[in-house]
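Novice: Have a look at this prediction, sequence included:
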Amino acid sequence: MKGKLLYSTLALGFYLEHGGLSALGLTPINPLLDFTYAADPSAHVFHDTLWVYPSHDKADAKRFDMEDYHVYSTTDMVHWQDHGVIFRPFEQTTWAKEAAWAPDCVERDGKFYLYYPTDKRHIGVAVSNRPDGPFVDPLGHPLLSIDSPGVVCDRDFIDPCVFIDDDGQAYMYVGQNTPCCIKLNRDMTSYDGEVHLLEGIPEFFEAAWMHKEGSTYYFSYSDGPFHGHQPRISYCTADNPLGPFTYRGVILDPVNSGTNHHSIVQYGGQWWLFYHTSDLSLYNAPFDHTGVRRSLAADPLYHKKDGSIQKVTPSHDKRKIQANQAAPLSGNVHLVSGRIPVSGGGYLYYDETVSAHPSPKETVVLLHGHSLDRRMWDEQLPALADRYHVVRIDLRGYGLSSDQEEGQPFLHAEDVIAVLDSLRLDQVHVVGLSMGAFIAGDLLAMHPDRLLSCTLASGGIRETLGPDEPMGPEESAKRDQEIQQLRQEGINNYKKKWMETLMHSGGTQRERIRKPLTRMVEEWTAWQPLHKEARCYYARQAWKALKEKRPNVPTLLLHGANEHRSRSKMLDYLPQGQQTEIPDCGHLLNMEQPEAFNRVLLDFLQQESLPDNK
């Protein structure tokens, strides 16, 4: 495959359709590579060509077990040339054994230096006369290791990034949890013996990158996953490549691959952010280790006049994803995702099922519970996808959607309507659990014309104050005290107690949900208990509307037997309402008893579906 120019016919058609380079300038179509999996992109410009050195995810990967390095080049950000394998550390060195993860490459004095981690302990360097190799090991041993004098690392010693300053001094940034830096000598294969520990970089995890704009040094990095949120790309600035640094903010919010790794480069008069997602593997095989089968992306990056960086919103082309050749399709569920703008400048992340052979299908919209996200519906997707188009939404402040903002009013139900409008969905079946049921209840009362049916699991319309009754001084002062107490006790303690609350009512199968539940709660930002949340439910207003409209929408109220719920008052105002109990489960009944939940839900949906969808 070495030297072969690769691009999908779809990407070429898109490119020509829009007039090519002359009309658009450099316009990448994400995912950049639709013929392979790749991650951790290190982008550099050598001789008017953009080169990307990523790690190589296998098409059947079950873990991070990358073995070799490819390089890809482009002159227009659309057509990408795969130069094949340029280096195999386990075959071409005597000391590297496993884990050939995120690399970097730089040019100096006509030679190219590939820096790469192995064994979660070592950083090696390989040299070539060409950017596309072949590369060779000039040292016969690592350049730097986890046990080298001065190195501080309590986890994996990985992710080298090499930056050459205007004065010719080269620096290598590296590490997990503690950002380390060495000054490389002119030969680029040795250093001055000192390891610098960088200061002023909060929540540093991995994926160090350095770039310079004007006289400002920008140190960017992945800041998760041990700080109460999924990994983001954050950045700090300094007037010196060794700091001290000042934290400035987030460049890229969490993406759907679990990990977050990037590079920043200027090409064609534009700064670019390169990163990875799981867009391809979510389509090809969404339940089969998507976090280790990633795909490359790039979007424009902008520096503001005050020295800050404008946050980047990821983009992709769904047609290119569906036409990809990175791996065979597997199973009956294929997902594409997106981000939809909502009021106040935020966005909602969603994913939806798509078919290689589309046919008219009714849509089921799934709304998750508080502290959770769209992943709580993983065991419903396969059951629903054969008969329905399924949309899962991360609600505002949860999952991969943007956080809420204190003082910014919004309503979850109207956010859902924004998604329906954006996806051109006139009517849908909506299914909500707990908080999702609060929102589904609001939709039932306020927008019954948009619903084919409504399923409310472990919840319904709230009986709290609505948006027409804003927070007063007394309530505000009380919330201030609650927030202060919570911060003193620590958010991790709060999450542990909340986890046990969610588990408490469970039945004999409740332990099966502990692992996925723990992951979602740990990755939840906990914005809501730490801030004064807006009145984001219609609540009492919805009750009033329900009583006035008595919507003739087929409605199913579901609960777990262990919650011992009595007959819902909502049934008094729902001509087509019914209530059902699922045995041996509690609040999270869809996760505890997925087979029983799916059976009851599908039976109900099939009764209410149009003839073509049965």
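Specialist: Alright, I've got the coordinates. It should be emphasised that the depicted structure is a prediction, and the values quoted were computed from it without experimental measurement.
Novice: what's the longest helix seen in the chain packed up against?
Specialist: Secondary structure of the chain read by DSSP state H shows that its longest helix is helix 473-489. In terms of contacts (3 or more C-beta pairs under 8 Å, 6 or more residues apart in numbering; DSSP states H and E), helix 473-489 is packed against helix 527-530. C-beta: built from backbone N, CA, C; applies to glycine.
Novice: What mean pLDDT does the helix or strand hosting Tyr350 get?
Specialist: Here Tyr350 is covered by strand 347-353, with elements defined by DSSP states H and E. When pLDDT is averaged along strand 347-353, the result is 97.
Novice: What strands line up against that strand, and which way round?
Specialist: Sheet pairing of strand 347-353 (DSSP bridges) gives strand 335-341 (antiparallel), strand 389-394 (antiparallel).
Novice: ranking those strands by burial, who's on top?
Specialist: Most buried of the strands paired with strand 347-353 by mean neighbour count (mean count of other C-beta atoms under 10 Å) is strand 389-394; its value is a mean of 24.
Novice: chain center to that one, what's the gap?
Specialist: The chain centroid and the centroid of strand 389-394 are separated by 15 Å under C-alpha atoms, centre = their mean, to the nearest Å.
Novice: got the CA positions of that strand in PDB?
Specialist: What follows is strand 389-394, C-alpha atoms only, in PDB (Å, rounded to 0.1, in the frame of the first residue of the first chain):
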ATOM      1  CA  HIS A 389     -35.200   4.500  13.800                       C
ATOM      2  CA  VAL A 390     -33.700   5.200  17.200                       C
ATOM      3  CA  VAL A 391     -32.300   8.500  18.500                       C
ATOM      4  CA  ARG A 392     -30.500   8.700  21.800                       C
ATOM      5  CA  ILE A 393     -29.900  12.200  23.200                       C
ATOM      6  CA  ASP A 394     -27.400  13.300  25.800                       C
END
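Novice: Please enumerate residues in contact with that strand?
Specialist: The contact list for strand 389-394, computed with C-beta atoms under 8 Å, 6 or more residues apart in numbering, reads 348-353, 361-368, 373-374, 377, 380-381, 384, 400-401, 415-416, 419, 423, 425, 428.
Novice: if you look at those, which of them are in helices?
Specialist: Those of the contacts of strand 389-394 lying in helices (DSSP H): Leu381, Leu384, Asp415, Val416, Val419.
Novice: Which members of these are classed as buried?
Specialist: Buried members of those, counted by 16 or more other C-beta atoms under 10 Å: Leu381, Leu384, Asp415, Val416, Val419.
Novice: So the second one sits against Leu602, correct?
Specialist: Going back to what we said before, that points to Leu384. Yes: assessed by C-beta atoms under 8 Å, Leu384 is found in contact with Leu602 at 7.4 Å.
Novice: Output the below-cut-off pLDDT ranges for this protein.
Specialist: Residue ranges of the chain with pLDDT under 70: 1-25, 356-358, 609-614.
Novice: Where do the domain boundaries of it fall?
Specialist: With domains defined by automatic domain parsing, the chain comprises 4-322, 340-613.
Novice: tell me how far the first one is from the chain's mean position?
Specialist: Relative to the chain's own centre, domain 4-322 is displaced by 17 Å; criterion: C-alpha atoms, centre = their mean.
Novice: next one: the last one
Specialist: Between the centre of domain 340-613 and the centre of its chain there are 20 Å (C-alpha atoms, centre = their mean).
Novice: Export the strands paired with strand 347-353 to CSV and append columns for distance to Pro149.
Specialist: Shown next, in CSV, are the strands paired with strand 347-353 (distance: least, C-beta to C-beta, whole Å):
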stretch, distance to Pro149
strand 335-341, 46
strand 389-394, 46
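Novice: Let me see the ranges of the strands in the stretch 201-350 of the chain.
Specialist: For the stretch 201-350 of the chain, applying DSSP state E, counting those that start in this stretch gives strands covering 206-213, 216-222, 233-238, 246-252, 262-267, 270-277, 295-301, 335-341, 347-353.
Novice: scratch that, the stretch 351-500 of the chain is what I was asking about
Specialist: Under DSSP E, counting those that start in this stretch, the stretch 351-500 of the chain gives strands at 363-367, 389-394, 428-433, 451-457.
Novice: who touches the longest one?
Specialist: Right, the one you point to is strand 451-457. 362, 427-434, 436-437, 440-441, 443-444, 551, 553-559, 570, 589-590, 597, 601, 604-605, 608-610.
Novice: Okay, angle between that strand and strand 363-367 too, please.
Specialist: Between strand 451-457 and strand 363-367, the angle comes out at 30 degrees (axes from the mean of the first three to the mean of the last three C-alpha atoms, to 10 degrees).
Novice: tell me the angle strand 451-457 makes with strand 428-433.
Specialist: Using the same axes, to 10 degrees: strand 451-457 against strand 428-433 is 10 degrees.
Novice: who touches the nearest residue to Asp40 once chain neighbours are set aside in this structure?
Specialist: Distance criterion C-beta to C-beta, 6 or more residues apart in numbering; nearest residue to Asp40, sequence neighbours excluded, is Ala102 at 3.4 Å. Neighbouring residues of Ala102 by C-beta under 8 Å, 6+ apart: Ala39, Asp40, Ser42, Pro54, Ser55, Pro117, Ile158, Asp159, Pro160, Ala207, His261.
Novice: do that again at 10 Å, thanks
Specialist: Residues near Ala102 by C-beta atoms under 10 Å, 6 or more residues apart in numbering: 39-42, 53-55, 64, 66, 115-117, 158-161, 206-208, 259, 261, 263, 276.
Novice: Output stretch 166-180 as PDB, restricted to C-alpha atoms.
Specialist: What follows is stretch 166-180 as a C-alpha-only set of coordinates in PDB (Å, rounded to 0.1, in the frame of the first residue of the first chain):
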ATOM      1  CA  ASP A 166      12.500  29.800  17.100                       C
ATOM      2  CA  ASP A 167      16.000  29.900  18.600                       C
ATOM      3  CA  GLY A 168      16.600  26.300  17.500                       C
ATOM      4  CA  GLN A 169      16.200  24.700  21.000                       C
ATOM      5  CA  ALA A 170      14.200  21.500  20.800                       C
ATOM      6  CA  TYR A 171      12.000  20.300  23.700                       C
ATOM      7  CA  MET A 172      10.300  17.000  24.300                       C
ATOM      8  CA  TYR A 173       7.200  16.900  26.400                       C
ATOM      9  CA  VAL A 174       6.000  13.600  27.800                       C
ATOM     10  CA  GLY A 175       4.200  11.600  30.400                       C
ATOM     11  CA  GLN A 176       0.900  10.900  32.200                       C
ATOM     12  CA  ASN A 177      -0.400  12.700  35.300                       C
ATOM     13  CA  THR A 178       2.900  14.700  35.600                       C
ATOM     14  CA  PRO A 179       4.000  16.700  32.600                       C
ATOM     15  CA  CYS A 180       7.800  16.200  32.100                       C
END
